[in-house]
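> Requesting a structural model of the entry that follows:
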Amino acid sequence: MSSKKKYQMIFYIAICIVFILIIVKIFNPTYPKITGFENADNHTTVSWKNFRSATKYELLEKIKGEWQEVAQTQENVYTIENVEKNVLHTYAVKAYKGDKQTGAVYEPGFENAYYDALGFDAAEITKDQVFLSWEKKDGIKKYEIYLKTDSDFKKIATTKEGEYTYNKVKKGKTYIFSLRGINDKGQAESDFDNKGMALTFLDTPVITEVTDDAQDVLISWDKVDGAQKYRVLYDDGNGYQTAGDTEETSYRFTQGVKDTTYKFTVRCVSSDSKALMSDYDKNGYEFKYTFEEKTEYHIKGAPVLNQDELKAGCETYACTMLLQYLGFDITEFQFADNYLITAPVTGVEGDRYGPDPNSAFSGDVYSGWGWCIYNPAMAKSMNNFFKDQKSDLKAVPLDGKSLDYLCNKYIVNDQPVMVWATTQMNEPIDSTSWTIDYVDENAKYKMGDTFTWQQNEHCLLLVGFDEDNYYFNDSCAGDVSVFPKDLSQKRYEQLGTQAIVVQ
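Coordinates of the predicted model:
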């Protein structure tokens, strides 16, 4: 045999050996191979191939980079109860013959995702089709789309993408879709939503009137049968943009710029605002915004109270002045004792605990051991009073509205507005801090967060304006205080642009 043929034979033998080793590794792995996951009813069933002559197995889960034992079993299947959902789990199996380990542990592990029932993030139904989209989840390989027919859901498609288009739509018919995640073997990796998302192609809303209303634009339209909510769109020359959603058949557009021509249109949306349920008039309703601002206005008859007894009660004084202006017979003491929501501040400097001021007044309003309450909690306190008085009035917290807006929207209509700024419009200074130990539905902090009160914080009643100044009924001064517009706006912004109006 020639040297050339000899080397060729050695090469072919080496190739065959490598091929055989690959085949052996594939069909006879050195570790127990997990073959499937079944997720249902808050548990995961893991199955794997029998490994050589193993007599028992140890199921492992990788937690923070380390393998930890889940269970030991003599079977090649195990069900894990109360599985944490919406996270990616990594499992492996260790095989034993007697008490001795046989084979290795597959170090990368086998991933399994188990999610709550998946939902659609957005949908649009037109006269021709339904477009569905959703957020793709880590570990989920494919998605099954279901359509409810009669009383049962039927699978209509499988996709690896995060969107799907259904092309068989009839106007007025309701279509109910649902979604489920699966792995490469078709096994479920999420629960199933038996309620689904219901979509009906509705009539296009027709705008009937658009008018100036104080500093806003009021848009009205006819009710659409079957509509649960509407989305108002506006075009200022840059294409249609969303103004907002409403369950009413009118909408107050507050972004108007003087001498700008707008086009407004409306379409139906689902109650959760995720699905577009109708077409919209692309020509829109054209309207030129020509609101004329007043340069000066003063509300007459709003009382001024002197903050001489409730040392920490500026918000209560401002509220009482407003309530008395509205004709209610109430004193600051009656409001503080019966309606002001309070929570204690305890401890010492560096180790204090107290409420989120968006949820309650912090401390004692009568003493120096009291701090503040912000507009959500103050409005809630005032609404408790209105309810007790069987009044239809409601205190509405406002955020992010400029003082100029408040004047041209409310003051010119003889509606005083409570605003948060500072005493004598002095600079606010970070002062007392505490750990949050009380919150409610209005909270903007979480339990355990740190809140820092700003010294000089003050609540006043806005009652007027001119070209240069704003006018406030000021309990600290016991009189009407006049401050420059720019300075007042700055302090107001430093305290979070908080206000309350009664409507």
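
> Please count neighbours and contacts with C-alpha atoms only from this point.
Will do.

> who touches the closest residue to S220 other than its chain neighbours in this structure?
Distances taken as C-alpha to C-alpha, 6 or more residues apart in numbering place S250 nearest to S220, at 4.2 Å, with adjacent residues excluded. Contacts here follow C-alpha atoms under 8 Å, 6 or more residues apart in numbering; on that basis S250 touches 218-221.

> give the contact list for F472.
Taking C-alpha under 8 Å, 6+ apart as the test, what F472 contacts is 460-464, 480-482.

> For S278, give its distance to Y146.
Distance, S278 to Y146, by C-alpha to C-alpha, to the nearest Å: 22 Å.

> Neighbour count for the two, which is higher?
S278 (25 against 20; other C-alpha atoms under 10 Å).

> So what sits opposite the more buried one in the bridge?
L202 (DSSP bridges).

> Specify the local secondary structure of F333.
Using DSSP: H, G, I helix; E, B strand; the rest coil, the structure places F333 in helix.

> Which element is encountered next along the chain beyond the least confident helix or strand in the chain by mean pLDDT?
Lowest on mean pLDDT, DSSP states H and E among the helices and strands of the chain sits helix 3-27, with a mean of 57. Counting by DSSP states H and E, the next helix or strand C-terminal to helix 3-27 is strand 34-40.

> Where do the strands of the stretch 151-300 of the chain begin and end?
Remark: strands assigned in the stretch 151-300 of the chain by DSSP state E, counting those that start in this stretch are 152-159, 163-166, 174-182, 197-200, 207-213, 216-221, 229-235, 240-246, 250-253, 260-269, 275-276, 285-289, 297-298.

> Work out the gap between the second one and the centre of the chain.
In this case it means strand 163-166. Mean-position distance between strand 163-166 and its chain equals 26 Å (C-alpha atoms, centre = their mean, to the nearest Å).

> What residues sit buried inside that strand?
Within strand 163-166, the residues that count as buried by 16 or more other C-alpha atoms under 10 Å are 163-164.

> repeat for the third one
For strand 174-182, the neighbour count (16+ other C-alpha under 10 Å) marks 175-182 as buried.

> Verify the stated contact: N76 with A54.
No. Between N76 and A54 there is no contact under C-alpha atoms under 8 Å: 10.0 Å.

> pLDDT weak spots in this protein?
1-28, 213-214 (pLDDT under 70).

> before we move on, the earlier item: would you turn the contacts of S250 into JSON lines with neighbour count and distance to A188?
Conversion of these to JSON lines gives the following (neighbours: other C-alpha atoms under 10 Å; distance: C-alpha to C-alpha, whole Å):
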{"residue": "L218", "neighbour count": "16", "distance to A188": "49"}
{"residue": "I219", "neighbour count": "22", "distance to A188": "47"}
{"residue": "S220", "neighbour count": "19", "distance to A188": "47"}
{"residue": "W221", "neighbour count": "17", "distance to A188": "45"}
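
> quick check, nearest of those residues to L487?
L218 (31.6 Å; C-alpha to C-alpha).

> out of everything not next to it in sequence, what's closest to that closest one?
Using C-alpha to C-alpha, 6+ apart, the closest residue to L218 is R252 (4.7 Å).

> wait, what's in contact with the one you found?
216-219.

> I'd like the distance between G239 and G284.
Separation of G239 from G284 (C-alpha to C-alpha): 11 Å.

> out of those two, which sits in the busier spot?
G284 (18 against 9).

> Isn't that one up against T261?
No. The criterion here is C-alpha under 8 Å, and G284 misses it with T261 at 11.7 Å.

> Let's have the strands of the stretch 151-300 of the chain in a markdown table, adding distance to E38.
Shown next, in a markdown table, are these (distance: least, C-alpha to C-alpha, whole Å):
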| stretch | distance to E38 |
| --- | --- |
| strand 152-159 | 18 |
| strand 163-166 | 25 |
| strand 174-182 | 10 |
| strand 197-200 | 25 |
| strand 207-213 | 52 |
| strand 216-221 | 51 |
| strand 229-235 | 39 |
| strand 240-246 | 41 |
| strand 250-253 | 49 |
| strand 260-269 | 36 |
| strand 275-276 | 32 |
| strand 285-289 | 54 |
| strand 297-298 | 71 |
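
> mind checking which of the ones you listed is nearest K97?
For K97, the closest of those is strand 174-182, at 34.2 Å, according to C-alpha to C-alpha.

> and the angle from that closest one to strand 152-159?
Strand 174-182 and strand 152-159 are oriented at 60 degrees to each other (axes from the mean of the first three to the mean of the last three C-alpha atoms, to 10 degrees).

> which residues touch strand 174-182?
So strand 174-182 is contacted by 117-120, 140-148, 153, 188-201 (C-alpha under 8 Å, 6+ apart).

> what do you get for stretch 45-61?
Here stretch 45-61 has contacts from 31-39, 67-80, 89-98, 102, using C-alpha under 8 Å, 6+ apart.

> now the strands: where do they sit in the stretch 301-450 of the chain?
Applying DSSP E, counting those that start in this stretch to the stretch 301-450 of the chain gives strands spanning 342-343, 346-348, 351-355, 361-362, 395-399, 417-422, 429-438, 450-455.

> Put together CSV for those, with distance to R267 and mean neighbour count on each row.
Shown next, in CSV, are the strands of the stretch 301-450 of the chain (distance: least, C-alpha to C-alpha, whole Å; neighbours: other C-alpha atoms under 10 Å):
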stretch, distance to R267, mean neighbour count
strand 342-343, 44, 21
strand 346-348, 52, 12
strand 351-355, 42, 20
strand 361-362, 42, 28
strand 395-399, 27, 18
strand 417-422, 34, 26
strand 429-438, 41, 17
strand 450-455, 42, 16
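
> possible to save those as TSV with distance to D245?
Output for the strands of the stretch 301-450 of the chain, formatted as TSV (distance: least, C-alpha to C-alpha, whole Å):
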stretch	distance to D245
strand 342-343	34
strand 346-348	43
strand 351-355	33
strand 361-362	32
strand 395-399	18
strand 417-422	26
strand 429-438	32
strand 450-455	33
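
> Mind checking the ones you listed for the one nearest to F386?
strand 395-399 (8.5 Å).
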